[in-house]
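Asks: just need the structure, nothing else, for what follows:
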Amino acid sequence: MRQREELRLCQWNIERGGQDRDGSLLRWPLILQVAKQLGESQPDIVWVNEAHRWVSTGRADEFAAAIGASSWKTATNPRGYDMMMFLRGPLTVEPDTWQPQAPWMARTVNVGLGTVTVPEPGWPDVMAAITHLSPWSGQERWMQAFALASLTDDRGPVILAGDFNCIGPHDPEPRLAALRPSEVLKNKTPESSYEHPVADRRALSELVAVGWHDVADLLDEQYAGGRMAAGTPTSGWWGGPDMAMPCRKAHILLNPEAEHLFDVTDYQVHGLGEDSVEQQVSDHLPITATLALREPAP
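Replies: Alright, predicted model coming up:
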């Protein structure tokens, strides 16, 4: 008989890992405060984007202690913006692929993949992956999504999380009125030097086309329109000068094999209240989701 019925997930892009532009760490105590609050729900897997030099400075261990994780793995980015996967015991991860930068994707950040083992009877191994798609070009993000789909093909059940810098194919259009005039001009055309996700949905559309689904979308389907989790922004107005338009750029995706194994029972965006601590420490909000393992077919 299974003792564990659920897998609790968390994803958070912490802007520059809590390090301010002048090199100070004024936000770090507040980041640990949020981590402790998130840790109260005992997340099993926590993906963190932009963990800027956390390993070399010891901040990875501080964050792990705050959120209640017993181990972590990192995928190093050439610019120092590492991606990290934290696990709560007794879960373990066996690194599989830490994808290097591909020469045809000049600004691509790495992709981390690992097989997560839940040491409980009846639990299959699951591939967990973290990514961070390009903020610069919709074409680049689409190419990266294509590479992700190829990289994770035939890997069994995969859960993919991270900052996709892209809204989903069915997400509501972000409110242009919330964008500052300078940003409207800068994002006026798809040829802009910095494409806001409103300009291009191809990356998520590519993954959805081959069977991947966001956990928020799956939860909305269960409620038959009674919830709008997919419309809840995860980044936007609370951040720096380039982040003035609210939209959903963070995603937790299931491939068809993972979707066959799990039901999505909960999805939350944390820190949506005005002047929340989460909005003070990053231009992205943490998201959490709960997956319930389905009973095997007789």
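Asks: all contacts plus neighbour counts: C-alpha atoms, from now on.
Replies: Will do.
Asks: the protein: strands as residue ranges?
Replies: In the chain, strands defined by DSSP state E lie at 6-13, 45-52, 71-75, 81-87, 92-99, 111-117, 126-132, 158-163, 213-214, 250-254, 262-269, 287-293, listed in chain order.
Asks: neighbours of the nearest residue to Asp214 once chain neighbours are set aside, just the number please.
Replies: Setting aside the residues directly before and after it, Asp214 is nearest to Leu253 in space (C-alpha to C-alpha, 6 or more residues apart in numbering), at 4.4 Å. The burial metric for Leu253, expressed as a neighbour count using other C-alpha atoms under 10 Å, is 25.
Asks: got the contact list for Leu253?
Replies: Leu253 makes contacts with 159-161, 212-215, as judged by C-alpha atoms under 8 Å, 6 or more residues apart in numbering.
Asks: pretty sure Pro90 contacts Val116?
Replies: No: under the criterion of C-alpha atoms under 8 Å, Pro90 is not in contact with Val116, lying 10.4 Å apart.
Asks: what's the burial count for Val278?
Replies: Careful, residue 278 is Glu; it's not Val. For Glu278, the neighbour count with other C-alpha under 10 Å is 23.
Asks: least trustworthy helix or strand in the protein by mean pLDDT?
Replies: Between all helices and strands in the chain, the lowest mean by mean pLDDT, DSSP states H and E belongs to helix 181-186, at a mean of 46.
Asks: which helix runs longest in the chain?
Replies: As assigned by DSSP state H, the longest helix anywhere in the chain is helix 138-151.
Asks: how about low-confidence regions in the stretch 151-298 of the chain?
Replies: 174-199, 222-231, 236-245, 297-298 (pLDDT under 70).
Asks: related to what we said a few turns ago, got the angle for the longest helix of the chain vs strand 158-163?
Replies: 160 degrees (axes from the mean of the first three to the mean of the last three C-alpha atoms, to 10 degrees).
Asks: just the angle between helix 138-151 and strand 126-132, please?
Replies: Using the same axes, to 10 degrees, one finds that helix 138-151 and strand 126-132 are set 160 degrees apart in direction.
Asks: ok, Val116 - contacts?
Replies: Here Val116 is in contact with 91-94, 125-128 (criterion: C-alpha under 8 Å, 6+ apart).
Asks: write the ChimeraX selection for whichever of those are buried.
Replies: Of those, the buried ones go into a single ChimeraX selection, burial set by 16 or more other C-alpha atoms under 10 Å:
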select :91,92,93,126,127,128
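Asks: return the item of the contacts of Val116 having minimum pLDDT.
Replies: Lowest in pLDDT among these is Glu94, which has 84.
Asks: show me the contacts for it.
Replies: Listed by C-alpha under 8 Å, 6+ apart, the contact partners of Glu94 are 114-116.
Asks: mind doing that once more with 10 Å?
Replies: Taking C-alpha atoms under 10 Å, 6 or more residues apart in numbering as the contact definition, Glu94 lies against 73, 113-117, 127-128.
Asks: reformat the residues you listed as a markdown table; add distance to Gly138.
Replies: Formatted as a markdown table, the contacts of Glu94 follow (distance: C-alpha to C-alpha, whole Å):
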| residue | distance to Gly138 |
| --- | --- |
| Lys73 | 29 |
| Leu113 | 23 |
| Gly114 | 27 |
| Thr115 | 30 |
| Val116 | 31 |
| Thr117 | 35 |
| Met127 | 27 |
| Ala128 | 25 |
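Asks: can you tell me how far Lys249 is from His213?
Replies: From Lys249 across to His213, the span is 14 Å (C-alpha to C-alpha, to the nearest Å).
Asks: which of those two has more neighbours?
Replies: His213 (24 against 20).
Asks: pull up the gap between the more buried one and Gly168, please.
Replies: According to C-alpha to C-alpha, His213 stands 10 Å off from Gly168.
Asks: anything in contact with each of the two?
Replies: Residues touching both His213 and Gly168 by C-alpha under 10 Å, 6+ apart: 204-205, 207, 251.
Asks: quick one: contacts for the residue nearest the centre of the chain?
Replies: By C-alpha atoms, centre = their mean, the mean C-alpha position of the chain lies nearest to Gly162, the distance being 2.5 Å. Gly162 makes contacts with 10-13, 47-49, 83, 111, 129-133, 249-253, as judged by C-alpha under 10 Å, 6+ apart.
Asks: bridge partners for it, pull those for me.
Replies: Gly162 has these beta-bridge partners by DSSP bridges: Thr131, His251.
Asks: do Val264 as well
Replies: Assessed by DSSP bridges, Val264 has beta-bridge partners Leu291.
Asks: that one contacts Leu218, doesn't it?
Replies: Yes: under the criterion of C-alpha atoms under 10 Å, Val264 is in contact with Leu218, at a separation of 6.8 Å.
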